[in-house]
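# pasting a predicted model and its sequence here:
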Amino acid sequence: MKKTIAHGMAAGAVLLMAAGQASAAPTGMQVDTKLFPYAPSLINWEKSKAGFTPPETCAECHPDQYKEWTGSMHALAFQDPIYQGELNKAVKAVGHDVARQCEGCHSAAAVVTGEVKGPGLTGLGPMAMAGVSCDICHSVKGHTGWQTPYHQPENGSFILSPGRDTQDGAVLTKYGPYKGDAVCGGGFHECVESPLHKQTELCGSCHQVHHYQAQIPIEATYLEWKNGPYALKGITCQDCHMVDFETFLRTADQFQKPRRGEFRHYFNGANFLVYSLVEQAAKKAGNDELAANAHRKYEMAIKRLQAAADLEVSPIYRNNRLAELKVRVKNIRAGHNLPTSLTNVRQVWLEVTARDRKGKVLMTTGTVTGTGELPTEARIFNSEGMSESFHFTVDPWKLVAFSRHDSIPPRGYKDVYYGLTAPEGGEVSVEVKLRYRQADQQVAEALLAAVPADVDLEKIYGLKKVPALPVVDMVERKVSFSARK
Ligand code: HEC
Ligand code: HEC
Ligand code: HEC
Ligand code: HEC
Ligand code: HEC
């Protein structure tokens, strides 16, 4: 009898130990480093003698795609000073081995070849500098999304294969949307038809960022899309972001896929701030062509932002007197949440003012100040990141949870109510604005102050200090309501 009990206890202790181990290292959320040798970036590289080709070489035979891609956020992904500032902070905080996670998406080839060894731009070749260039996307042979901790694309889970070895030496292989014929590639490369290039998973490998260790999703554009109505209707990222503005409107409004010849390499989103910085830098360097290109992309980004949302304002009466305003903010054309991605950094907010007939202010949220401060009571659609110690953070290596997540789902809406004391009679006029900027003023200043020494903001961009960040009005509505019902 004694023996049995002792035996039972031992078995219990073994079980407890096993349970203890399991909770210290949750196996379901571990990255398998045999499958992902560049972890925390989940890139794979099929190594051969075939190297990566910088975009200027592709441009010789594909000038249109090159022109469209030049000055895009993909072309800027590595040189972007806001990225370089945050990368520099990341390297200082957690070391370069961890910061490779960032580079895996912002300049993938340079991670597998080992060219980038830290923040900064000095001494790097054209392939590293070109960020998300032609030969990143068109060397993607497949993705490994089902082998990641969440079994979905994330953190760069694609396979780079720029070519293959043959008896006659290395041959370059480019993956694209078409079934290539024998002359496809002009003797420079082979062509392989790739269904992945027409699918969202190509983009999702990079547009789904998970914490390098805890693995929780911190930027989730791919997942937001996947759980939304555009995925249901087969509308991909490419269908909205690889077409011109008019085609995007048709795609979004009618759930209609673009025709073959309508695809363009703009990858235009919302980042008018970086486009305007690039325009400034190009003008300063005397490159008028790049300045004009960046300006067109700036205008395109603003048009997209202004097409993304809509506002509905309606009155609520109590005892026959106007008591509240209801503002409905609708995400009408973004294929993911509004805002998406760096939701803890981007800012979309409401400014509302109601006046009586004589112009006296009955209620106001206030407005952003000349030095870039938001009104303290403004309703902001974005998120707040939390570190392991439950403190506010914007840094991706610290962010493991959200204390608030208030973005608007695709084709969805959020209602906001504003109370007011209406006059006895007459009309109440209401002005509502939905506004957007890339970041909080202090966050932008902190990132730009952290750029590595070889990114001279004054020399390159003519920036002596960070000015108040520009704001875009996404939607503006002026309506009047009777003060009495
Ligand atoms: C899985 C891919 C991926 C990883 C890993 C990644 N990023 Fe990014 N990053 C992106 C994408 C995609 C965007 C663009 C999102 C947008 O503009 O809304 C972006 C945008 C940014 C921006 C904003 C740039 C701007 O001009 O507003 C910063 C800063 C940044 N990343 C820094 C980092 C740092 C630092 C790391 C590593 C700790 C990192 N990223 C890791 C994909 C990634
Ligand atoms: C972010 C990924 C990405 C980058 C970067 C990229 N492409 Fe593409 N490219 C695609 C996708 C996706 C398609 C397929 C679009 C479609 O369905 O037709 C494509 C299509 C093409 C095609 C087929 C014809 C066409 O335009 O549809 C060519 C040629 C091409 N790309 C060349 C280039 C060159 C040259 C560059 C660099 C200047 C480049 N690509 C950069 C993703 C990319
Ligand atoms: C010597 C000329 C030449 C160079 C250099 C060149 N290509 Fe091509 N490529 C072609 C030709 C010709 C085609 C056939 C279709 C066409 O005319 O666009 C083609 C087709 C493509 C396609 C479509 C293939 C498909 O199956 O959908 C992609 C993608 C592509 N090239 C990418 C690239 C990339 C990326 C580079 C640089 C690494 C590059 N090309 C460099 C000549 C070239
Ligand atoms: C290799 C990684 C990678 C792949 C693949 C990729 N992207 Fe990106 N993308 C990025 C990064 C990194 C940025 C942001 C750069 C920055 O802000 O500094 C970005 C930026 C963008 C932006 C601009 C966002 C803005 O704020 O203006 C759009 C739009 C975009 N990508 C769409 C796509 C689409 C569509 C695809 C698929 C065809 C795709 N991306 C594939 C890494 C990638
Ligand atoms: C139905 C059209 C549509 C589809 C589909 C779509 N987008 Fe967008 N996207 C937009 C619009 C409109 C904006 C500008 C408003 C905004 O910032 O959300 C945008 C903005 C963005 C931005 C910049 C966000 C920011 O504020 O910094 C990124 C990055 C992006 N999209 C990536 C993607 C990726 C990746 C996919 C596929 C998973 C995708 N988009 C699918 C319409 C679309």
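Good, I have the coordinates. Numbers count the residues shown, from 1 in each chain. Ligands and ions are numbered 1, 2, ... in the order given.
# am I right that residue 448 is in a helix?
Yes. Under DSSP: H, G, I helix; E, B strand; the rest coil, residue 448 sits within a helix.
# list the contacts of it.
The neighbours of residue 448, taking C-beta atoms under 8 Å, 6 or more residues apart in numbering as the test, are 81-82, 85, 457, 463, 466. For glycine as for every other residue, the C-beta is placed from the backbone atoms N, C-alpha and C.
# from this protein, which residue is nearest to ligand 5?
Using C-beta to the nearest ligand atom, the closest approach of the chain to ligand 5 is made by residue 335 at 2.1 Å.
# chain center to the helix or strand hosting residue 350, what's the gap?
Using DSSP states H and E, residue 350 falls within strand 347-355. On the basis of C-alpha atoms, centre = their mean, to the nearest Å, strand 347-355 is displaced by 25 Å from the centre of the chain it belongs to.
# could you tell me which residues of this protein lie near ligand 4?
73-74, 76-77, 80, 83, 105-106, 108, 132, 136-137, 202-203, 205-207, 237-238, 241-242, 267-271, 301 (C-beta under 6 Å from any ligand atom).
# and those residues near ligand 1, which?
80, 83, 105-106, 206-207, 269, 271.
# what strands line up against the strand holding residue 350, and which way round?
Sheet pairing of strand 347-355 (DSSP bridges) gives strand 361-364 (antiparallel), strand 380-381 (antiparallel), strand 427-437 (antiparallel).
# ok, which of these comes nearest residue 352?
Residue 352 sits nearest to strand 427-437 of all the strands paired with strand 347-355, at 5.1 Å, using C-beta to C-beta.
# in the closest one, what's buried?
For strand 427-437, burial by neighbour count (16 or more other C-beta atoms under 10 Å) applies to 428-430, 432-437.
# again with stretch 235-247
So, applying 16+ other C-beta under 10 Å, buried residues of stretch 235-247: 235-243, 247.
# now swap in stretch 365-372 and tell me
With the criterion 16+ other C-beta under 10 Å, stretch 365-372 contains buried residues 365, 367-368, 372.
# same question, stretch 118-131
Of the residues in stretch 118-131, those buried (16+ other C-beta under 10 Å) are 119-120, 124, 127-131.
# and for stretch 399-413?
399-402, 407-410.
# ok, those vs ligand 3, which is closest?
Out of the buried residues of stretch 399-413, the member with the shortest distance to ligand 3 (by C-beta to the nearest ligand atom) is residue 410, at 28.9 Å.
# how many other residues sit next to the nearest residue to the closest one once chain neighbours are set aside?
Once flanking residues are discounted, residue 410 sits nearest to residue 228: 4.0 Å by C-beta to C-beta, 6 or more residues apart in numbering. For residue 228, the neighbour count with other C-beta atoms under 10 Å is 20.
# for residue 228, give its distance to residue 210.
In this view, residue 228 and residue 210 are 19 Å apart by C-beta to C-beta, to the nearest Å.
# could you do residue 436 as well?
From residue 436 to residue 210 the distance is 26 Å (C-beta to C-beta).
# so in terms of bridging, what pairs with residue 311?
In beta-bridge terms (that is, DSSP bridges), residue 311 pairs with residue 329.
# what about it, how many neighbours?
19.
# got a list of what it touches?
327-330, 432, 434, 475, 477.
# repeat that with 7 Å
Each residue near residue 311 by C-beta atoms under 7 Å, 6 or more residues apart in numbering is listed here: 327-329, 432, 434, 475, 477.
# where does the stretch 101-250 of the chain have low pLDDT?
Judged against pLDDT under 70, the stretch 101-250 of the chain has no low-scoring part.
# circling back to that earlier point, Throw the buried residues of stretch 399-413 into JSON lines and include pLDDT, thanks.
Below are the buried residues of stretch 399-413 laid out as JSON lines (pLDDT from 0 to 100):
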{"residue": "399", "pLDDT": "94"}
{"residue": "400", "pLDDT": "92"}
{"residue": "401", "pLDDT": "93"}
{"residue": "402", "pLDDT": "95"}
{"residue": "407", "pLDDT": "97"}
{"residue": "408", "pLDDT": "98"}
{"residue": "409", "pLDDT": "98"}
{"residue": "410", "pLDDT": "98"}
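# leaving out the residues flanking it, which one is nearest to residue 314?
Here the residue nearest residue 314, using C-beta to C-beta, 6+ apart, is residue 326, at 4.9 Å.
# the one you found contacts residue 415, correct?
Yes. Here residue 326 reaches residue 415: they are 5.9 Å apart, a contact under C-beta atoms under 7 Å.
# the two: which is more packed in?
residue 326 (13 against 10).
# so the more buried one, which state does it fall into?
Applying three-state DSSP: residue 326 is strand.
# ok, now which ones touch it?
314, 316, 415, 417.
# just the pLDDT at residue 3, thanks.
Looking at residue 3, its pLDDT reads 39.
# and if you look at residue 360?
In this model, residue 360 carries a pLDDT of 96.
# how long is stretch 139-159 end to end?
End-to-end distance of stretch 139-159 (C-alpha to C-alpha, to the nearest Å): 8 Å.
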